[in-house]
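[1] Sequence first, predicted coordinates after that:
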Amino acid sequence: MTTAPLSGLFISFEGIDGAGKSTHIGALAAAFKALGRAVTLTREPGGTPLAETLRTLVLNDAMDPLTEALLMFAARRDHLTCVILPALARGEVVLCDRFTDATFAYQGGGRGFDEAVLTQLENMVQGRAEAGEFKLIQPELTVWFDLAPEVAAKRLAGARVPDKFESQPVEFFRRVADGYARRLAGEPGRFARINGGQTQSAVWQDVHAVFVAKGWLS
Ligand code: TYD
């Protein structure tokens with residue numbers, strides 16, 4: 001795809017289920033709005049009517065690993081073209097609850113799906129020509145809420161009816177966490193790793209400090 005330069009700010013949030021990202025994403029949206037910035041708060045899989053339909057299928061129905069990976073990327077393509085890129089072109093702050101790192105962590109790490117194939121799909125879906133150069137659309141910052149799978153499992157227990165991923169055993173989430181760690185090792189400059197095992201207010205202090213250090217919040 002070829003489009004105009006993107007003047008907005010694209011930030012994603014990651015972590016295993018139960019790592020506690022939601023409250024902080026909401027607080028960040030409020031903090032940016034208080035500065036007068038327009039904010040698009042969105043999530044994956046989802047964020048458009050089509051991608052939300054795919055979300056329902058992929059979080060509930062059994063399917064083979066390639067189908068699962070393809071649906072994640074199909075939802076992402078629709079979300080990128082219809083919501084994320086237009087918002088970035090308008091100069092907005094896009095706060096996205098999960099993005100491609102989740103596919104590498106869950107389908108790659110958790111399911112053991114071939115990461116080379118995921119990389120091909122990533123290039124296909126997120127590739128973009130900018131001034132004649134191939135660029136991969138990635139968040140400018142990815143906040144990773146890192147929490148021990150055993151602790152996350154305790155937090156989730158009894159909280160709600162688990163979906164297909166939430167009902168996986170703790171070993172699955174250990175592999176998911178390893179998948180996130182590999183993504184961070186490959187692109188350390190893009191990630192902020194937050195210790196999700198602290199109190200909620202201590203986590204917020206750490207998250208806020210990252211945004212202050214970037215010069216985005218004061
Ligand atoms: P989640 O973001 O935790 O939303 P909620 O808080 O409403 O449960 O749920 C999304 C689930 O989808 C989560 O278990 C991770 C999974 N997922 C993947 O397996 N691959 C992906 O590429 C994405 C974006 C999510």
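    Great, that's in hand. Numbers count the residues shown, from 1 in each chain.

[2] The ligand contacts on this protein?
    Within the chain, the positions lying close to the ligand (CB under 6 Å from any ligand atom) are 17, 44-45, 59, 72, 97-98, 102-103, 106-107, 165-166. Heads up, the C-betas are built off the backbone N, CA and C, glycines and all.

[3] List just the nearest of those residues to Pro65.
    For these, the residue nearest Pro65 by CB to CB is Gln107; the value is 6.4 Å.

[4] Can you verify that closest one is assigned to a helix?
    Yes: counting by DSSP: H, G, I helix; E, B strand; the rest coil, Gln107 is found in a helix.

[5] Tell me how many other residues surround it.
    Residues contacting Gln107 under the criterion other CB atoms under 10 Å number 26.

[6] The residues of the chain next to the ligand in strands, which ones?
    Among the residues of the chain next to the ligand, DSSP state E puts Asp97 in strands.

[7] Select only the buried ones of the residues of the chain next to the ligand in ChimeraX?
    The ChimeraX selection below is limited to those of the residues of the chain next to the ligand classed as buried (16 or more other CB atoms under 10 Å):
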select :17,44,45,72,97,98,102,103,106,107,165,166
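
[8] pLDDT added to the residues of the chain next to the ligand, as JSON lines?
    Output for the residues of the chain next to the ligand, formatted as JSON lines (pLDDT from 0 to 100):
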{"residue": "Asp17", "pLDDT": "95"}
{"residue": "Glu44", "pLDDT": "98"}
{"residue": "Pro45", "pLDDT": "98"}
{"residue": "Leu59", "pLDDT": "97"}
{"residue": "Met72", "pLDDT": "98"}
{"residue": "Asp97", "pLDDT": "98"}
{"residue": "Arg98", "pLDDT": "98"}
{"residue": "Ala102", "pLDDT": "98"}
{"residue": "Thr103", "pLDDT": "98"}
{"residue": "Tyr106", "pLDDT": "98"}
{"residue": "Gln107", "pLDDT": "98"}
{"residue": "Phe165", "pLDDT": "94"}
{"residue": "Glu166", "pLDDT": "92"}
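
[9] what residues are up against the closest residue to Val170 other than its chain neighbours?
    Spatial nearest neighbour of Val170, chain neighbours left out: Pro149 (4.8 Å); criterion: CB to CB, 6 or more residues apart in numbering. The contact partners of Pro149, by CB atoms under 8 Å, 6 or more residues apart in numbering, come to Ile16, Val170, Phe173, Arg174, Val176, Ala177.

[10] at 6 Å instead, please
    Val170, Phe173, Arg174 (CB atoms under 6 Å, 6 or more residues apart in numbering).
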